[in-house]
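Q: Model the following, please.
(chains A, B, C and D, ligands or ions: 6)
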Amino acid sequence: MDISFNIGGMAGQGIDTIGDMLTQVFVRTGFYTFTVKDFESRIRGGYNFTQVRVSDVPVHAPVDHMDVIVALTHDAVVGPRPRLVDGGVIIFDDTIAFDDLEPCHFPAPLSRTAKEVGGSVRMTNAAALGALLSVVRFPVDLAEEVLGHVFARKGEEVVEKNVLVAKRMYEVTQERFSGECRHDLSTVRCGPSTDRLVLTGNQALALGAIAANVKWVSAYPMSPSTSAFQEVVARAHEFRIGTLQTEDEIAALCMAIGASYAGARTMVTTSGGGFSLMVEALGLAGMTETPVVIYNAQRPGPSTGLPTRTEQSDLLFSVFASQGEFPRVVLAPRSIRDAFDTAVRAFNLADRFQVPVVILGDQFLADSSMALPLIDVSTVRVDRGVLAGDDDTPYLRYRLTDDGVSPRAFPGEPGRVVVASGNTHLEDGHITEDPAIRDAMAEKFLKKVPAIRDALRPPELYGSEDADMVLVSWGSTWGAVREAVDLLRAGGQSVCQLHFTDLYPLRTALLREVLSGASVSVSIEQNATSQFAALVSMETGLMCDHHLNKYDGRPMTARWVVDRLQGAGIA
Amino acid sequence: MDISFNIGGMAGQGIDTIGDMLTQVFVRTGFYTFTVKDFESRIRGGYNFTQVRVSDVPVHAPVDHMDVIVALTHDAVVGPRPRLVDGGVIIFDDTIAFDDLEPCHFPAPLSRTAKEVGGSVRMTNAAALGALLSVVRFPVDLAEEVLGHVFARKGEEVVEKNVLVAKRMYEVTQERFSGECRHDLSTVRCGPSTDRLVLTGNQALALGAIAANVKWVSAYPMSPSTSAFQEVVARAHEFRIGTLQTEDEIAALCMAIGASYAGARTMVTTSGGGFSLMVEALGLAGMTETPVVIYNAQRPGPSTGLPTRTEQSDLLFSVFASQGEFPRVVLAPRSIRDAFDTAVRAFNLADRFQVPVVILGDQFLADSSMALPLIDVSTVRVDRGVLAGDDDTPYLRYRLTDDGVSPRAFPGEPGRVVVASGNTHLEDGHITEDPAIRDAMAEKFLKKVPAIRDALRPPELYGSEDADMVLVSWGSTWGAVREAVDLLRAGGQSVCQLHFTDLYPLRTALLREVLSGASVSVSIEQNATSQFAALVSMETGLMCDHHLNKYDGRPMTARWVVDRLQGAGIA
Amino acid sequence: MITQSDLSPPQPVTWCKGCGNFGILAALRKALVGMDTPQHKYVLVSGIGCSGKVPHYINLNSFHTLHGRPIPVATGIKMARPDLKVIVHTGDGDCLGEGLGHFVHAARRNVDIAVFIHNNGVNGLTKGQFSPTAPRGYVSGTSPPPPGAPMEPVNPVALALISGATYVARGFAGHQASLVRLMQDAITHRGFAVVDILQPCVTWNRVLTWSFYNGHIFDIGEDGHDPSDHSAALRLATAGGDRIPVGLFYRSDAPTLADGLSLPESGALADHVNDLGLLQQVLRDMQLE
Amino acid sequence: MITQSDLSPPQPVTWCKGCGNFGILAALRKALVGMDTPQHKYVLVSGIGCSGKVPHYINLNSFHTLHGRPIPVATGIKMARPDLKVIVHTGDGDCLGEGLGHFVHAARRNVDIAVFIHNNGVNGLTKGQFSPTAPRGYVSGTSPPPPGAPMEPVNPVALALISGATYVARGFAGHQASLVRLMQDAITHRGFAVVDILQPCVTWNRVLTWSFYNGHIFDIGEDGHDPSDHSAALRLATAGGDRIPVGLFYRSDAPTLADGLSLPESGALADHVNDLGLLQQVLRDMQLE
Ligand SMILES: Cc1ncc(C[n+]2csc(CCOP(=O)(O)OP(=O)(O)O)c2C)c(N)n1
Ligand SMILES: Cc1ncc(C[n+]2csc(CCOP(=O)(O)OP(=O)(O)O)c2C)c(N)n1
Ligand code: SF4
Ligand code: SF4
Ligand SMILES: [Mg+2]
Ligand SMILES: [Mg+2]
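A: Numbers count the residues shown, from 1 in each chain, chains lettered A, B, ... in the order given. Ligands and ions are numbered 1, 2, ... in the order given. From the prediction side, this is the model:
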């Protein structure tokens, strides 16, 4: 089973609600889901959609085609028509004037049923859900089992009435729907999945940060990062986390640096434009060796670009941002579950090496959701790095050590003075212009790099090292590229995927091996200039043979990858 | 002749004045000079020095050794002693208590003579000049010819008295100085140079900008860029240039972007920290295709670092700064004269390709001065790029064209509406989320790159392409590396220099040729991480065999290059 | 000289039904139609936010800039082309959060532009977080109870007055006639003109609603306030209490920024050309003989 | 509890002879020696400028940050460790140019820190350009005649008052006794405390000199000003004219930022640990049955 449901309409019409309920129905009945949201940078109106992909195996990417569409506006009937599969269905309210009826169109009495059975047009969502389940012949008993939960969970006031509306619409559809749907789930029983935790990428990241003991998060809202911040804010009171919406991004990072200097684990959340404003303070964190985690949920740039769309185009910017040279870490989670782990790792790396850590997410990962197994937080380990002992007297914040890492201490302890400075400084933190110290401090920074690299995750090889073709990918496109590998291999191609989540400093051993072994290498990135491939060249001198680039702001799919490879004659 | 004079003392003591006068004496008598300033980030006190290197051939770099020192403080007697050559002299006022006299030391009655002959200790500078000239036996008749001019030019109030003091001290030195100076200029007549225009790098850059018709410069002060801004401000009234010290760097660049949108050529001047703050607006310039010139006079980072020292560590930051992807140009002048030309080229490139242009200078180049031939401004050409004609109706600011460049128009013309937006936009400038337009606009940006690259200067090859060893350098280290090549070749080595002023987009043809031809390649950079070599690898896959890195904040010298190469067994 | 149809929206308007921005846009159109400056002499500059979209809904020269930065961009435009009338549309988050520094500095420089603040107490476009003008305790996604927004709001009128703005007013999106007048005066005023426009955000703001404003505002002109009296203006602006004063708080004459820069005696800076002959002379003079 | 020698400068002081910063540093030392908070409970935060070097001249925990950013860094420190007393030393360029937005927002949040502005009317460390507090017409390298600085100065006291600061004073580097008192009050005040300190820059500023200040300042306390009266404070701050008021303008009690955040009931945020059991429960609750 692999069905893609698509709920389309205007912002503010309840697309998300239907999508969430649909997700819940399938999760509760044991299926794997993957939900993506496509919306414009406006608050009401326009054409938005939610895609819920349901499968009996885990999926980590959307698809381009649509199996069943619920359209809440005329535009949503017409616009996605080309992407409807043969044997697909478009359900829409029969009050929408639409003449060019084809067999795939199902004008349904959604709002009428809502009014008649539920007493309110606001239950049109429930009606849509009923119609949808009916069209794919989702077993009515299974549906009944979950609908009550679903509406209760969604906080719908009149749970029973909603259930009635949905059920009624299910029946009406059975009676009235005369088309053919290519999916018939009537024989389906509960799916194999026990995954029940539905999280977005931003939620997973925020919860990971909480698990890692984040104690201060300051941020200025910016799509698509805001929901990560709001997730922490919403839980700030129960966990006692300091959170503040600041006047700008500069203040956000400076506050986080201050709180970190004082001993708290800190994070900021932003997107590219906000990250741009943080660049000077990033250098302050670097120079003062103050750990801090910066979550940059990327969106298409340059400048304001497409605020609610997705892209992977801040990679080299993140790697080289700020004047001067200092060690840093850049990570990009590959999946929603990985966003949780990445957050935990980010805080530990930041503390251990006393460097800023940038997490590069993107809108696709941030706003997508899927069902996951419960996360066991008891395995989370907090590593605060080397702390100064009692014998560290007089305390030297920037003591020169073999590995470049100086034991940390925090202000407030009797007998210890903790001095931090963004100017070139002595071991004690006070400023200097001595060229020898300058050299020593620059070398202190260089020394950290090999150990950081070793602490990072090597790339993941999917498929055989000996494959003819290697697809090189990073971050959130993991699922799409992996699925593309499956498709290609099913078609008899010898292909593997080398996927990076830990981008900088780059681990190059496996990369060299695989790239030099393969006869064709292809970088696949959600940007126009193949930034990761450039980083690879920079670090190894190796060039990928081909580059696939997607930069229209829409998430990548396996189909897109395969089509492009075939279109270019590479696969 | 190649002598290095060194005037050392505290900030505020008149080091610059003596250095300037000394420079003038030699320039006026027909010699080539190169003057560097070494000073701390404080207003008074400390240990600063000015080095005036005098030669009968053009020189473009300082030297490490000191031939004759004038020390205004005890520290300035002791500190530089190790760098004094055999046969060198240290002149200092005999009121400075100093016991460990060596033959090289010359305690002179500087302040006493100033008081006795000139009537004021403030003429100690004149006395120092006299002593200095006398020590190297600079012909007294030649000195007399120029001293009057020198003091008049320096704005000294009592020109005659100053001349008297200098001459008296010249004589006193003849009588009293019993040491040996390795330089004896007694037979020297006027030098071969007709170069008479003494400019610092920042002055040359500012004057170049004026020549290129800059009409708006907004800036927030930041060493070492401030004097470039101040040079324009000082001339703003006579040329009618809008200049404003803004509240911060963000405002500076945003104002420049606004003024450029309205039709004026604009520039901002800053250093790394300020450039960091400009990064978001840099992306706005990129996205809106608004030409603007950004002068970043680099200093050692990260963060506040060493505010008055030099470094080349913002290269990759400049190349990749700001979220998203857009074309830009990065240039780095190789010399003071080149700073003038670079400014002119920067404005023309910015207008022609409607992109931001970053000029990477550094403190060394900014504050150094040398004598140049008069600059003939009649050869300066202003190229404003493609402007919209009357038939461009309806006017589309972002018209899609074959080369990605859309004809520009400015607001204020009847019948034409000029719409700029930092959001993804249609050809008419209004916003859109259409994926096809998004693709087209991204490709518009990509299309500009090859033409930009062709419009840039190829690297300069000094020496033979067939040399065994190639030294790869960029920006302001040109003079030092070139001199190193001369030294090495004089020692019988087969070596050439490949020097880049135009860094991005990188021209790679000659680079590939020379790098693949040479048996050893060495990148030489004033940073710790070999950023230019990394850029070369990124663009070509070629790696330099060795890297020389200087990152103590002090300018590079030929000797340093040679010593390092020999020390590492490379040369 | 301008007609309504000259100004018709280049793009369909995307604001929520009932949004106060419609009132502001309508007033702007009326203001421009009612004045005698030709259309091509205006430039509209906006930041990012719901408010930032104005340039796409009225047919004028425009620059849709960055969040928080319309004022410096507008300053640059005005200096390069002093003959153009430069109007800034900005949000409360834009102008008083991210861009507050620019606002204060433009005011003290008395830059000759008009700044219209779409003041809705929220970050509209990013989904309703409290903005710098939200009252203490305002509940939103970034300021949940307890205790809601943990800080006092920015008072844009008082801030403008203290900073040196020479035209300071408050309007209401629901009072078209007076808003049109305030806008026209602000646009024609020579100097930094601010109109703080109360603008209900019907989607997010459940506190500062149409009916709230209708019930709380009063016109200070009707109360006999003298707009040449700076301290009275400041008193009114900081009075606090339940009632919200609208109208013209303050107007005065003072040198503008352009008066203090070395702009060309006549003609626009953008059209001026540096005298290369003069430059050659300067270089010659710098030479040492 | 602290002695003068506890505080002795970790590094030789590099300010120019005669600089007003010496008076400020001396007053700070006296202030700290005269209070009963132990040395390790202070953190000094500075920006970049001559003023920014204070941390190297007094032996305290310190963070020498960025130009314009000491206030947000100090805010973070204070939130993480509310038990520490956080003192900001900032320049007029630092605080009122580059960092003006932070100043206003920290004031309205009533962040419990003390901010000492070294107000010398110039950017000292970058060689004397006019700063935001330089008077209109001030002549410097970036504001040559005509007409010198083409704008009105920022009035830090008025700005602090309007923005919501709960302790607002002006001191003079030359009046040690009263400066020490103002500093001590500011440090012990619960809330955002600002002392605008008039500080002659003997190297660059030929207008705002020691003798100018000595001839123009008067103490508002002696004039009977009531520091609980906000409007009187504002009137004094904006009065203009020749005479420069110094002393305590305003003091009040209000909730601080920390009161409005979900900090731990007891102990410092920095020492608090997220309850993993609770997190596990949260995750469990998020699951769909
Ligand atoms: C540097 C930066 N930070 C954050 C954002 C995200 N952002 C877009 S609009 C907005 C707030 C809008 O609020 P306001 O200015 O009040 O405008 P409104 O939508 O309420 O009209 C924010 C924070 C951005 N675009 N750029
Ligand atoms: C982002 C940034 N911009 C500019 C500078 C350069 N800079 C250093 S100190 C300073 C001004 C100092 O003026 P002020 O804050 O008044 O301090 P003062 O030296 O007068 O005490 C400036 C502009 C900087 N360090 N960082
Ligand atoms: S979100 Fe608010 S401000 Fe934005 S358009 Fe809707 S009602 Fe207007
Ligand atoms: S430049 Fe001015 S402020 Fe700085 S130390 Fe010298 S006198 Fe003081
Ligand atoms: Mg708003
Ligand atoms: Mg100052």
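Q: Number of residues surrounding C:Arg206?
A: By other C-beta atoms under 10 Å in any protein chain shown, the residues close to C:Arg206 number 12. Glycine gets a C-beta too; all of them are placed from N, C-alpha and C.
Q: give me the number of residues near A:Leu542?
A: A:Leu542: 18 surrounding residues under other C-beta under 10 Å.
Q: Go ahead and confirm it touches A:Ala518.
A: No. Judged on C-beta atoms under 8 Å, A:Leu542 makes no contact with A:Ala518 at a distance of 10.7 Å.
Q: Show me what from the stretch 401-550 of chain A comes close to chain B.
A: A:421-424, A:433, A:435-436, A:438-439, A:442-443, A:445-446, A:527-529, A:531, A:534-535, A:537-539, A:541-543 (C-beta under 8 Å from any C-beta of the partner chain).
Q: Just the buried ones from those residues, in ChimeraX syntax?
A: Of these, the buried ones go into a single ChimeraX selection, burial set by 16 or more other C-beta atoms under 10 Å in any protein chain shown:
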select /A:421,422,423,424,433,435,438,442,445,446,527,528,529,531,534,535,537,538,539,542,543
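Q: residues touching A:Asn527, list them.
A: Applying C-beta atoms under 8 Å, 6 or more residues apart in numbering or on different chains, we find A:Asn527 in contact with A:Glu311, A:Gln312, A:Ser313, A:Leu315, A:Asn549, A:Tyr551, B:Glu325.
Q: and of these, the nearest to ligand 1?
A: A:Glu311 (15.0 Å; C-beta to the nearest ligand atom).
Q: what number of residues lie near the closest one?
A: A:Glu311, neighbours per other C-beta under 10 Å, totals 30.
Q: in stretch A:226-244, what's buried?
A: If you call a residue buried by 16+ other C-beta under 10 Å, then stretch A:226-244 has these buried ones: A:226-233, A:235-236, A:239-244.
Q: hmm, back to that, helices - which of the residues of the stretch 401-550 of chain A next to chain B land there?
A: A:435-436, A:438-439, A:442-443, A:445-446, A:531, A:534-535, A:537-539 (DSSP state H).
Q: Please identify which pair of the residues you listed lies farthest apart.
A: By the measure C-beta to C-beta, A:Ala436 and A:Gln531 form the most distant pair in these, at 37.3 Å.
Q: Pull out the buried residues from stretch A:377-390.
A: Counting neighbours by 16+ other C-beta under 10 Å, one finds that the buried residues in stretch A:377-390 are A:Val377, A:Val380, A:Val386, A:Ala388.
Q: Could you see whether chain D lies near that stretch?
A: Yes. Using C-beta under 8 Å from any C-beta, we find that stretch A:377-390 touches chain D at A:Val377, A:Ser378, A:Val380.
Q: Show me which residues of chain A sit near ligand 1.
A: Near ligand 1, the residues belonging to chain A are A:Tyr220, A:Pro221, A:Met222, A:Glu249, A:Gly273, A:Gly274, A:Leu277, A:Thr304 when assessed by C-beta under 6 Å from any ligand atom.
Q: one more time with 5 Å, if that's ok
A: A:Pro221, A:Met222, A:Gly273, A:Gly274 (C-beta under 5 Å from any ligand atom).
Q: from what I can see the second one touches A:Val268, true?
A: Okay, so that is A:Met222. No. The criterion here is C-beta under 8 Å, and A:Met222 misses it with A:Val268 at 10.6 Å.
Q: Could you check which of these two has the larger neighbour count?
A: Using other C-beta under 10 Å as the criterion, A:Met222 and A:Val268 rank with A:Val268 on top: 31 against 25.
Q: SS state for the more buried one?
A: strand (DSSP: H, G, I helix; E, B strand; the rest coil).
Q: repeat for C:His56
A: Going by three-state DSSP: C:His56 is helix.
Q: what's near enough to touch it?
A: The contact partners of C:His56, taken as C-beta under 8 Å, 6+ apart, are B:His430, B:Ile431, C:Pro9, C:Pro10, C:Gln11, C:His64.
Q: Closest one of these to B:Arg28?
A: Using C-beta to C-beta, the contacts of C:His56 come closest to B:Arg28 at C:His64, 56.5 Å.
Q: ok, for residue 137, nearest residue in space, not its chain neighbours?
A: All of this is about chain A. A:Ser186 (4.0 Å; C-beta to C-beta, 6 or more residues apart in numbering or on different chains).
Q: wrong one, chain C
A: C:Gly148 (3.8 Å).
Q: so that neighbour sits in a strand?
A: No. Using three-state DSSP, the secondary structure at C:Gly148 is coil, not a strand.
Q: I'd say A:Val214 and A:Arg235 touch.
A: No. Contact criterion C-beta under 8 Å: A:Val214 and A:Arg235 do not qualify, at 10.6 Å.
Q: anything in contact with each of the two?
A: Common contacts of A:Val214 and A:Arg235 (C-beta under 8 Å, 6+ apart): A:Ile241.
Q: A:Gly30 against A:Thr194, yeah?
A: Yes. Between A:Gly30 and A:Thr194 a contact is recorded at 7.4 Å, counting by C-beta under 8 Å.
Q: okay if I get the residues of chain A next to ligand 1 as JSON lines plus secondary structure?
A: Shown next, in JSON lines, are those (three-state DSSP):
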{"residue": "A:Pro221", "secondary structure": "coil"}
{"residue": "A:Met222", "secondary structure": "coil"}
{"residue": "A:Gly273", "secondary structure": "helix"}
{"residue": "A:Gly274", "secondary structure": "helix"}
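Q: between those, which is nearest A:Gly118?
A: For those, the nearest to A:Gly118 is A:Pro221 (35.5 Å; C-beta to C-beta).
Q: In space, what's closest to that closest one - neighbours in sequence excluded?
A: Closest residue to A:Pro221 apart from its sequence neighbours, by C-beta to C-beta, 6+ apart: C:Thr126 at 4.2 Å.
Q: Counting neighbours, go ahead and name the busier of A:Gly30 and A:Thr194.
A: The residue with more neighbours, out of A:Gly30 and A:Thr194, is A:Gly30; 18 against 9, by other C-beta under 10 Å.
Q: OK, contacts around the residue lying closest to that one once chain neighbours are set aside?
A: Leaving aside its sequence neighbours, A:Gly30 sits nearest to A:Gly191 (C-beta to C-beta, 6+ apart; 3.5 Å). Contacts for A:Gly191 (C-beta under 8 Å, 6+ apart) come out as A:Met1, A:Phe26, A:Thr29, A:Gly30, A:Phe31, A:Tyr32, A:Asp56.
Q: who wins for neighbours among those residues?
A: When neighbours are taken as other C-beta under 10 Å, the top entry among these is A:Phe26 (28 neighbours).
Q: The stretch 101-250 of chain C: strands as residue ranges?
A: Listed in chain order, the strands of the stretch 101-250 of chain C (DSSP state E, counting those that start in this stretch) span C:114-119, C:122-123, C:129-130, C:167-172, C:193-198, C:217-219, C:244-251.
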